[in-house]
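Colleague: fold the following and give me the result.
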Amino acid sequence: MRILLVEDDAEVARFVRKGLQEAGHNVEHAANGRDGLFLAASEQFDILVLDRMLPGGVDGVRLVETLRGQGNRTPVLFLSALSAVDERVKGLKAGGDDYLVKPFAFAELLARVEALGRRPTVEAPATRLKIADLEMDLLSRTVTRGGKRLEIQPREFRLLEHLMRHAGQVVTRTMLLEKVWDYHFDPQTNVIDVHVSRLRQKVDKGFDKPLIHTVRNAGYMIRAEG
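Modeller: Residues are numbered from 1 along each chain as shown. Prediction:
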């Protein structure tokens, strides 16, 4: 793994860096919080190992709070001589994933680092969907095509969102009834056809390439080609 070690104590830094490298990891070192924050924010690391108290105007807690505020979810292991429960809680609440009190045995540090490295990465939920020049912003609930804003009604938005989340796949009438209309039965109406027709008028009319396609005897599909 690629690990960033932010530690101002030169002796501790040498000890930890040497041990991690001997275990097969690639280690970058920063001796203060300001440099550590710059590296953590500008480069990709698998794990951050941070001293709790750091010089440079940015301590370990502030460093992690800043990264989390930027959406950086790299796992963090705090190292600290501050052993009080309140201090450990403060570090974890700031966004730390684990906390190891100094002095520590290197074997324990290595085990904690490798345990953090085994955790599955949690992907941030998508806030935008895009197919060709059609874009949907899930936060502002807006849709544009070719940079032009489309006036989409709430039900049409849900219908288009479902199609875009399954781009290139056939979406059946049953799937749409369940996911968009919350029906778990077929009401035997043409409600889907009507809404798809309206959506086509807004999404495809006036553009060279249609995106919404009918798949005969199957359902509908949104795709960039054909």
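Colleague: show me what contacts residue 100?
Modeller: Shown in contact with residue 100 (CB atoms under 8 Å, 6 or more residues apart in numbering): 77, 78, 79, 80, 108, 109, 112. To be clear about C-beta, it is placed using only N, CA and C from the backbone, and glycine gets the same treatment.
Colleague: pull the number of nearby residues for residue 57.
Modeller: Using other CB atoms under 10 Å, residue 57 has 10 other residues around it.
Colleague: please tell me how far it sits from residue 162.
Modeller: Distance of residue 57 to residue 162, given as CB to CB, to the nearest Å: 49 Å.
Colleague: please pull out the lowest mean pLDDT helix or strand from this structure.
Modeller: Ranked by mean pLDDT, DSSP states H and E, the weakest helix or strand in the chain is helix 85-93, scoring a mean of 83.
Colleague: what is that one packed up against?
Modeller: Of the remaining helices and strands, those touching helix 85-93 by 3 or more CB pairs under 8 Å, 6 or more residues apart in numbering; DSSP states H and E are helix 60-69, strand 76-80, strand 98-101.
Colleague: picking up where we left off before, kindly supply the ChimeraX command isolating those of the contacts of residue 100 that are buried.
Modeller: Selection of buried members from these for ChimeraX, criterion 16 or more other CB atoms under 10 Å:
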select :77,78,79,80,109,112
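Colleague: distance to residue 158 added to the contacts of residue 100, as CSV?
Modeller: Listed next are these as CSV, based on distance: CB to CB, whole Å:
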residue, distance to residue 158
77, 42
78, 43
79, 48
80, 48
108, 50
109, 49
112, 44
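Colleague: and residue 12, what is it in contact with?
Modeller: By CB under 8 Å, 6+ apart, the residues touching residue 12 are 51, 79, 102.
Colleague: okay, and for the protein, where does confidence drop off?
Modeller: 120-126, 225-226 (pLDDT under 70).
Colleague: which stretches in it count as strands?
Modeller: Secondary structure of the chain (DSSP state E): strands at 2-6, 26-30, 47-51, 76-80, 98-101, 128-131, 134-137, 142-145, 148-150, 171-172, 212-215, 219-222.
Colleague: ranking the ones you listed by burial, who's on top?
Modeller: The highest average neighbour count among the strands of the chain, using mean count of other CB atoms under 10 Å, belongs to strand 47-51 at a mean of 26.
Colleague: outside of it, which residues touch it?
Modeller: Strand 47-51 is contacted from outside by 1, 3-9, 12, 16, 36, 40, 60, 63-64, 67, 74-80, 96, 109, 113, 116-117, using CB under 8 Å, 6+ apart.
Colleague: now swap in stretch 130-148 and tell me
Modeller: 126-129, 149-150, 152, 157, 160-161, 164, 167, 203, 207, 209, 211, 222-224.
Colleague: repeat the analysis, applying 6 Å as the threshold.
Modeller: By CB atoms under 6 Å, 6 or more residues apart in numbering, the list of residues contacting stretch 130-148 from outside reads 127, 128, 129, 150, 152, 164, 167, 211, 222, 224.
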